[in-house]
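Participant: model the structure of this input:
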Amino acid sequence: MKRNLSRDKVLAFIILGLFILIVPLLMTARSASKELDTLKAKQKELASLSREYRTLKENVDFVEQRPSLSQIHGVANALDTISSSLGIKGKIKSVKTVTTREVAGSMTEESAEVLIEKVTLNELVNLFYRIGDAPMILSMKRVSMKKSFENPEVLDVTMTLAIFTKK
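Facilitator: Presented below is the predicted three-dimensional model:
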């Protein structure tokens, strides 16, 4: 009987020892699994941010590499160059400089209000395309259109254009 009791004690100690070893190992495995999931989520977020950064960097590089025409100083000269290639130079009635300010330390922004009269919709679309595709950095800030009083098939357009130049 004593032998059985000692055998039972040894068996109980072995089971207790295994229990003491197994429980921490299971808790460590569960903790490692949670940490792995967290790290995978962070990796996905960093990969997404990396892609977004590369896209933004490409866009910035594209804008910075855009050639700036040295003879163009101001919205009036830029608009004159663009409109003469479209044949609507005579329809531009006024170009009034509104503001000139520094932007981000290394660039200046010159804004001007432009009045164009008796322009067709097709000419206006071509003008907008040329402004967006210009070899200098031009931005349309505001555009308002209304039908001409004399001919309702043509438009009178008032727009605010800005040109960005390096100092």
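
Participant: surely Val157 is within a strand?
Facilitator: Yes - judged by DSSP: H, G, I helix; E, B strand; the rest coil, Val157 forms part of a strand.

Participant: where does it land on pLDDT?
Facilitator: pLDDT for Val157: 91.

Participant: could you find the closest non-adjacent residue to it?
Facilitator: Ile116 (4.6 Å; CB to CB, 6 or more residues apart in numbering). For glycine as for every other residue, the C-beta is placed from the backbone atoms N, C-alpha and C.

Participant: roughly how far apart are the one you found and Leu86?
Facilitator: As judged by CB to CB, to the nearest Å, Ile116 and Leu86 stand 11 Å apart.

Participant: can you check Arg51 too?
Facilitator: For Arg51 relative to Leu86 (CB to CB), the value is 39 Å.

Participant: go on, Asn151?
Facilitator: Asn151 is 19 Å from Leu86, by CB to CB.

Participant: out of these two, which sits in the more crowded spot?
Facilitator: Leu86 (15 against 10; other CB atoms under 10 Å).

Participant: give me the number of residues near Val114?
Facilitator: Neighbours around Val114, by other CB under 10 Å: 21.

Participant: just confirm it is within a strand.
Facilitator: Yes - when three-state DSSP is applied, Val114 is found to be in a strand.

Participant: quick check: bridge partners of it?
Facilitator: Val95, Met159 (DSSP bridges).

Participant: which residues do Ile116 and Leu86 both contact?
Facilitator: Common contact partners of Ile116 and Leu86 (CB atoms under 8 Å, 6 or more residues apart in numbering): Leu127.
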